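Enquirer: next comes the sequence, and after it the predicted model I'd like to discuss.
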Amino acid sequence: MFDRIFPAFSVVVVWSVVGLLWGEGVRAVAQEVGLPAPRLLTLMPMGGEVGSEFEVAITGDYIDAEQQQLVFSNPKLSARAKTGADGKRVANQYIVTIAADAPTGLHEARMVTRLGVSASRAFVVGTHAEVLRKKPNTTMETALSLPVNSVCSASVTAKSVDYFRFEATKGQRFVIDCSASKIDSKLTPVVIVADAKGAELIANRTGGSVEFTAPADGAYFVKVHGLTFQGGAEHFYRLALLEAVAGQSVGEQPAVRTVSSVSWNGVTGLSKEAKSFHAASHDEKRPAPVSVSLPCRIEGRFFPAARVDTYEFEAKKGEVWWVEVASERLGYATDAFLVVQRRVQENAGDKWVDVVEMNDIPSPMKPSTNGYSYDGPPYDAGSADPHGKIEVKEDGLYRLQIRDLFGGTKANAKHVYTMVIRQAAPDYALVAWGLHMTLRNGDRNALSKPMALRAGATMAMEVVVVRKDGFSGEVELSVEGLPEGVSAEGLKIPAGKSRGMILLSAREDAKPGLSSAKFSGKATINGASVVRPCAVASMAWPVKDSTQEIPKPRLVADAPVSVTSAELAPVTLIPTEKKVLEVVQGEKLTVPLKVTWRSEFSGTSLKLKTMGDGFDSAKEIDVPLKAEQTDAVLDLAALKTVPGEYTIAFYGPGVVKYRDNPDAVKAAEEDQKKAQLEAASASETAKKLAAEMSQAPVDKKEAVAQAVREAAEKQKAAETAKLEAEKRMKAVSDKAAPKDTADIVVSEPIRLIVKAAEKK
Amino acid sequence: MSAVRTNDFAFGSLRVDCGAGEGTELLRSGLRFVLCVLSLWIGTGNALGAGDGEGSVNFVNDIQPILTKASCNSGGCHAKAGVGQRGFRLSVLGFEPEEDYEHIVKEGKGRRVFPAAPEQSLLVLKAANIVPHGGGRKIELGSDEYRVLTRWIGEGMPYGKPTDPKVTSLEVQPGRVALKPGVHQQLKVLAHYSDGSVRDVTRTALYEANEKSMAETTEEGLVGIRDLPGNVAVMVRYSGLVSVCSISIPLGAPVEKHPPVKNFIDELVFANLKRIGIPPSELCDDATFLRRASLDIAGHLPTVEEARTFLESKDANKRDLLVEALLSSSGYADYFAGKWTMLLHNKRDAADDITANFAFHSWVRDNLRSNTPYDQMARELLAASGRILANPSVAWYKRVKEPQQQVEDVAQLFLGVRMQCAQCHHHPFERWSQRDYYGFAAFFSQVGRKPTGTPGEDVIFHKRGIAQSENKKTKLPVKPAVLGGASLEISPDDDPRLFLADWLSDSTNPFFAKALVNRYWKHFFKRGLIDPEDDIRDSNPATNPELLEALAAQFIQGGFDLKSVVRVITQSSVYQLSSVPNEYNGVDRQNFSHYYPKHLTAEVLLDSIDQFTGSPTNFSDLPAGTRAISLPDNSYNKTATFLKVFGRPEGASVCECERVQAASLSQSLHLMNAADLKAKLTAAQGRVDRLAKSTEVDSEKIRELYLASFSRQPTADELQTAEAFLGRTVLDDKGDRLDPQKARREALEDLLWALMNAKEFLYNH
């Protein structure tokens, strides 16, 4: 009946209801990704001069103002909280001291918070005078005067241009360098030098520096803006205005290390008889070949454009030479490529026959495409630099040509390369990063997590190896220098494989702690034990939506690990018995697990995969929610596990109803009650005095009136305090309300020995 | 190769003068036409040389031309791509005779031909529409074509022998001729064969004029001249070859004087005008030149101050100085960067395209600002390698991913040659074959790609290897070859794109410089010397070939200096001619006897309105004050409706024709009524707001408005009318006098609105 009378209305109602339900549904499924982790996001300024003391303001995620401390990766840098005139600490502000003997370059700055150590931010120590932009300088009229040979810290405002002014005399040369992505900034800077009227003279829009010679005496402007005019506190930069004195080179500002650089630690593996050579002079595209003898080290430059350097050498049948080039790993935008050819003498003349081409060092794991779905780690430990071997099949003259595949039309005289030709010197390099998996499509937030463990938690670090000169052995992984209550277990990188894992586990009763850990690997090469450090990589920024922002990976200078007891892991999975399990090859292995649930989880069970050499394809195990014990069963026959020692762990996604600092609610509640009582009391007093006022004798009227005024003021102050307490209570309660949060659940490692089956 | 020959036949007996000066008499013209056709028939005899009784019929020489003339193998009929028509498929315009022969003779168990009774062949029955035919009757019963076709079937459908003569060239007579308006000219077409024989193929050739407003053609090759003076070319096609009859149509008016000759452009244009009898207009006044040059070079209106300064200047050289100042301004780089980036597909498809697009736009703009030689820019674009942020020209390879599109875009943009057809078949109007297409494509065959962290964005590099592409049809490898050149042997170590770039810079390159100067000529004159500007071919000749050659030579000799092209054009007297025609030259559309007024483009018009009203448009995520001509990509067309309505391109095509320059009703309505434009008139801090609050006398305000909109002072009449309008008493709905302040503000708004909607504002003239 209703819909016959109001057909359109009924449709509207139906759709409204559907809309409401859908809205609820969306809210119900909306998830956070990654349990809260402290992150230091910005510092202002983000560097300072050696031997100075200055104020630094910080921003970050999950850094409680009351319980934080700013720390650095080098002990020559220190910070103390800034205090106001009232002696109280000023939130998020510090006094940083850089010792006079502090090393220049980049350091890591971090916060230590209630939840542990934060993700880091680059911090520069330099030798130039520092300037801090304090007022907006987005017009020529408000341009900030910049002394020559100074560095200014600032951030760009969205849709604006920052102006700096400097004076120059005719012929004076400058290097104007804007450091942004080199120090983790989201800014892609455009630097323009303009004349006194603001007209553009020279610009750099590709992130490099500008070399400028003043055409006349007078004032000049430097304009800085984002390539796409985005801005904000996260788009920070350090602008250096340096005079270039003839005969002296002006170095660029320091940069964070790329993940690819992990496999280059300078020239290694050369025997004593190795000689050094240089490329031919750099005024030709194709200079005549340079004769070299092997082994050797060669230095060259990809300049001018389309440059091809050729080296010739004699080689004997049966020799094997390994070639390694470093250029991209030195920080240059190059893509070196080389080809080795053998001379074949024919009647018609010499002919050069290809022996081998060498291209990029491949990434040990397929890197992420940064698409909607997570399809691999967005860390590429490979490089555009070539590495490979020459197998000499015949005696003769060989030639090696090297060129930059990016240098056909463009060239930069700074783009140098170092090439090593050596006998096999098997070696390896390691790099670790936080394990990630699909938690919510597009979300890469969890990738920038620090190694800040909650008591009872296990965190997995994915480790890859870059193998050199034919090294193919297994690599044991280990960590030293962990805080009390935290242990580490390495799941080795098997022979011939690229990937292993390090598990960091905090005991349930671990006390808060922080220490600088050392990750390393150990392998046997030519019968000797070779230990190599394992670098740690992280993301500069938490990325909530990969379609809007591409993750920015880099190496971090050190590896601090912390544990907190302020919050415990939502769930802990540990083997029921702390012992090495033994199982016979081909049989089923049952791993009894003790499960400690500390938070509510969504769904009915945790579905966990297995990690460990050869166990990746094991069938998923099911851990029913709230079950205190469970048995994980692995079919070794299906896995075809061969006898040996193994370390495995179970891991998978879980959605926990996370409450952020619920303890703070109790404190806020008490504060609120107290404030409410005080307000009520003040109100009562004021009312009482007001009543007395009408009956007060004339001679006391003034005194009562004064008391009424004072009471009214107290009442007002009490009301304000009450409102603030209520506001705080609401904020704290909102934060503490349960939120669905997806994260990776990892069990403690389990050791096992697979024995050979008895032969029948 | 096409064969364009000139001969003494130009004023031969076949020309029929219909008497241009005697008025148009349809009946008489019709009669003369019939006579003309009759005389043709008698004069040329049987155009189908292999008609009755002579030797055997050859499929390629005799049958294919019949099918082509009858449109059987046109793209809309049996040569429809991939499918043909109702199961019967022919190659486009018969460029694949062997395939066509197979389809006609052997396909369907030979059901299309019946040698025992050729007239009963399906091919014949359909062509003559005896059996119902979707294409109707294509061949008349008993016609020569009918007889040749049936004879060929009757003889057992011979394909012909390898030793049979082949057509080697085509000759049209006359090759070059001057004709008065209203005249008809019969063309004669001769096919020259490899055995030295010549055959009259007038009946089977195809005819098409490049300017249909100037000349019309019949199927029989009769050309009718319309009443527009200038140069027109009639393209003649036969058996895959093309020839052209160039016709000059003089107006015949006396050309007694012309403005001073400042450079070679003036010499060559005035010489042409003299030859065809079109007197040029006078030079335009200073105000017009200032406005014209500012809009054309820097994409913006002169400010009031600029207009005053220029008009008051007594410097005899002030026009040249203005051109120099405009070329040094940021407006020049902005305006031309907008033009180039649209052609180079700088379009935003996804949010994360923004960085690549801004980087690429900046790269183009910076190069234009610093006047990087054009060949160097082309080189850096074509042979770009690396990552976009480090080398922004790589962004072109993000937008143009397929080698096929790379070939076609480079050919069309940098060479003015349309190669699209040649991918599948010989270009019907041109010399370009599939060999040319795939030879050109081979330059791009070694473009390597590696993924980056940004989805859809690759690192570009030269992939070592032998450069060659695969002919889609034959599956055979094709080595790199420049257009019209021999195959190149390029070492696998070398990036073939650098060889292509070298060829572009080569002073003997017949296309590269011409394409650019012609494109820029069109930018300033509305019409290219060759038009469309990116369709340079023998069958579409320049209206003033000597001028095109001279411009190209100057460009090459000057080191491919783009600003120099702009300078030589805008400093010429020809560019500075008035747009007001004299008593003769109003009909001229291609000889540049006067300036042809142009619509302001979407971006320039919006900027002009912003500047005139003093109310800038804000574009999302860009600093306040950013002009529309500075927008780096197409994404702003979505938010700024004005730009879309006025035809700003989306960067989807390499053709400038993507920009819609025709006026439309929606544009008129937008200018008159759109809320955003009304808001500009009434904006706080806008020009009306300032003038309404100003204590200046009305005449000064009016002068400012005229200078701001038209770059000139108002005439006495205009001033008087406007003063009266501003000072008039206005009554409200109730008949009460409106508050004078309010009335004045509204009157100023109305005056601005009226000026903004005037053609003098909307056009560059």
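Expert: All right, it came through fine.
Enquirer: what mean pLDDT would you report for the longest helix along chain A?
Expert: When chain A is scanned for its longest helix (criterion: DSSP state H), the result is helix A:698-736. Averaging pLDDT along helix A:698-736 gives 90.
Enquirer: ok, then the element right after it?
Expert: Where DSSP states H and E defines the elements, the next helix or strand beyond helix A:698-736 is strand A:739-746.
Enquirer: partner strands of that following strand, with direction?
Expert: Next to strand A:739-746 in the sheet, as set by DSSP bridges, lie strand A:32-33 (parallel), strand A:644-658 (antiparallel).
Enquirer: before we move on, back to that, just the buried residues of the longest helix of chain A, please?
Expert: Of all the residues in helix A:698-736, those buried under the rule 16 or more other Cβ atoms under 10 Å in any protein chain shown are A:704, A:707-708, A:711-712, A:714-715, A:718, A:721-722, A:725, A:728-729, A:732, A:736. Using the backbone N, CA and C atoms, a C-beta is placed for each residue, glycine as well.
Enquirer: what distance separates the start and the end of stretch B:724-731?
Expert: Terminal residues of stretch B:724-731 are spaced 15 Å apart (Cα to Cα, to the nearest Å).
Enquirer: list the contacts of it.
Expert: Contact with stretch B:724-731 is made by B:698, B:701-702, B:737-738, B:743-744, B:746-748, B:750-751, as judged by Cβ atoms under 8 Å, 6 or more residues apart in numbering or on different chains.
Enquirer: these into TSV, with extra columns for neighbour count, distance to A:Ile63 and secondary structure?
Expert: Shown next, in TSV, are the contacts of stretch B:724-731 (neighbours: other Cβ atoms under 10 Å in any protein chain shown; distance: Cβ to Cβ, whole Å; DSSP: H, G, I helix; E, B strand; the rest coil):
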residue	neighbour count	distance to A:Ile63	secondary structure
B:Asp698	18	64	helix
B:Lys701	22	60	helix
B:Ile702	25	63	helix
B:Arg737	10	68	strand
B:Leu738	15	63	coil
B:Ala743	18	62	helix
B:Arg744	20	60	helix
B:Glu746	17	58	helix
B:Ala747	20	61	helix
B:Leu748	25	57	helix
B:Asp750	14	60	helix
B:Leu751	21	60	helix
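Enquirer: who's in contact with the residue nearest the centre of chain A?
Expert: In chain A, the centroid-proximal residue (Cα atoms, centre = their mean) is A:Met539; its distance is 2.3 Å. Contacts for A:Met539 (Cβ under 8 Å, 6+ apart) come out as A:119, A:378, A:444, A:447-448, A:551-554.
Enquirer: same thing with A:Ala279?
Expert: Counted by Cβ under 8 Å, 6+ apart, A:Ala279 has contacts A:287, A:290, A:298-301, A:309.
Enquirer: could you redo the last one with a cut-off of 10 Å?
Expert: Contact partners of A:Ala279, counting by Cβ atoms under 10 Å, 6 or more residues apart in numbering or on different chains, are A:287, A:290, A:298-303, A:307, A:309-311, A:402, A:416-417, A:419.
Enquirer: what's the closest of the residues you listed to chain B?
Expert: Set against chain B, the nearest of the contacts of A:Ala279 by Cβ to the nearest Cβ is A:Thr310 (10.4 Å).
Enquirer: where does the residue lying closest to the closest one once chain neighbours are set aside land on pLDDT?
Expert: Once flanking residues are discounted, A:Thr310 sits nearest to A:Pro289: 4.1 Å by Cβ to Cβ, 6 or more residues apart in numbering or on different chains. At A:Pro289, the model reports a pLDDT of 96.
Enquirer: my read: A:Pro289 touches A:Phe277, true?
Expert: No - using Cβ atoms under 10 Å, A:Pro289 is not in contact with A:Phe277; the gap is 11.5 Å.
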